[in-house]
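Novice: quick one, structure for this:
(one chain, ligands or ions: 1)
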Amino acid sequence: MEKNHWAIYILSLSLLFTGCNGQAGNAATASDVVASPENHSVSETPAIVDKPILQNEYRTQLQREYSLRHYGEAMTEIVPQAVVVHWTGASTVESTYNWFYKPNYSDGTLNVASQFLIGRDGTIYRLAPETSLCRHIIGYNWCAIGIENVGGNGDTENLTEEQLTANIQLIRYLHRKYPTIGYVFGHYQQVEARASGLYRENVSGYYSIKADPGTWFMRGLRENLSKEGIVFYPE
Ligand SMILES: [Zn+2]
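Specialist: Have a look, this model is predicted:
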């Protein structure tokens, strides 16, 4: 434990000196590494496995193009104001990771991705720096951290208790780290969530109907987290 502690301490220091938000650290630790919180006194921080998707100049360029087109502002970094919860519609961590890995979508625009991915067993993977703009929900990518949960194939509501527990821990951690986060909603609640005032979309007619991550999951999150001062919407 002591050895790991020092390794993490050195990693934290190296991140400080690179002056970035974790991108360099992710690149330097391409294999899966269990990261610990920057603040060791926060005992409730869940174990997070860094499993970075490809972040290169091309992805940065596509992030800028996407945000300029949809939000009227070229940006690669976000100030998190919401957390949006999803299911993948796929059945394994690897298939989703492989899908998100490439910078570009088939049409040459920014590929879909989320900052976090949760396995069926509740393992939390961090795919991108928490404040890196990811394309996971129309209208909110400029301000929302996305959590994808493996499951929901064919829109079947089948996420696990382990995933619910992991999401509760992760959202609690994110909310304490980023006090700017005021809202948590499921992808299927994207219309109700416009009441937050956070919805922004310059391309008219750009919209898709979603069912993820299901009402059981959102009720579980609301019942466990609403007393933290986070706004939820009725399931
Ligand atoms: Zn979704």
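
Novice: who in the chain is up against the ion?
Specialist: His86, His187, Asp212 (C-beta under 5 Å from the ion). To be clear about C-beta, it is placed using only N, CA and C from the backbone, and glycine gets the same treatment.

Novice: can we see that at 6 Å?
Specialist: By C-beta under 6 Å from the ion, the residues of the chain that approach the ion are His86, His187, Lys210, Asp212.

Novice: OK, contacts around the first one?
Specialist: To tie it back to what came earlier, the one meant is His86. Each residue near His86 by C-beta atoms under 8 Å, 6 or more residues apart in numbering is listed here: Ser114, His136, Ile137, Gly146, Ile147, Glu148, Asn149, Gly186, His187, Asp212, Pro213.

Novice: rerun at 10 Å
Specialist: By C-beta atoms under 10 Å, 6 or more residues apart in numbering, His86 lies in contact with 114, 116-118, 136-137, 146-149, 152, 186-188, 210, 212-213, 217.

Novice: kindly report the same for Gly146.
Specialist: 82-86, 112-117, 127-128, 134-137, 140, 187.

Novice: give me the subset of the residues of the chain next to the ion that lies in helices.
Specialist: Counting by DSSP state H, no part of those is found in helices.

Novice: just the buried positions in stretch 115-128, please.
Specialist: 115-120, 122-128 (16 or more other C-beta atoms under 10 Å).

Novice: end-to-end on it?
Specialist: For stretch 115-128, the first-to-last residue distance is 5 Å (C-alpha to C-alpha, to the nearest Å).

Novice: pLDDT (mean, whole number) over it?
Specialist: Here stretch 115-128 scores 98 as its mean pLDDT.

Novice: excluding its backbone neighbours, what's nearest Ala193?
Specialist: Phe185 (4.5 Å; C-beta to C-beta, 6 or more residues apart in numbering).

Novice: and the next helix or strand past the helix or strand hosting that neighbour?
Specialist: Taking DSSP states H and E as the criterion, Phe185 maps to strand 183-186. Proceeding N to C from strand 183-186, the next assigned helix or strand is helix 215-225, under DSSP H and E.

Novice: that following helix: how far from the chain's middle?
Specialist: Remark: helix 215-225 is offset 17 Å from the chain centroid, using C-alpha atoms, centre = their mean, to the nearest Å.

Novice: tell me the buried residues in it?
Specialist: Buried residues in helix 215-225, counted by 16+ other C-beta under 10 Å: Phe217, Met218, Gly220, Leu221, Arg222, Asn224, Leu225.

Novice: likewise stretch 70-89?
Specialist: Of the residues in stretch 70-89, those buried (16+ other C-beta under 10 Å) are 70-71, 76, 78, 80-89.

Novice: now, the residues you listed that are in helices?
Specialist: Short answer: those in helices (DSSP H) are His70, Tyr71.

Novice: and the buried residues of stretch 70-89, which of them are in strands?
Specialist: Members of these lying in strands (criterion: DSSP state E): Ala82, Val83, Val84, Val85, His86, Trp87.

Novice: now pLDDT too, for the residues you listed, in a markdown table please.
Specialist: Output for those, formatted as a markdown table (pLDDT from 0 to 100):
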| residue | pLDDT |
| --- | --- |
| Ala82 | 98 |
| Val83 | 98 |
| Val84 | 98 |
| Val85 | 98 |
| His86 | 98 |
| Trp87 | 98 |
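
Novice: now flag whichever of those residues is closest to His175.
Specialist: Val83 (7.8 Å; C-beta to C-beta).
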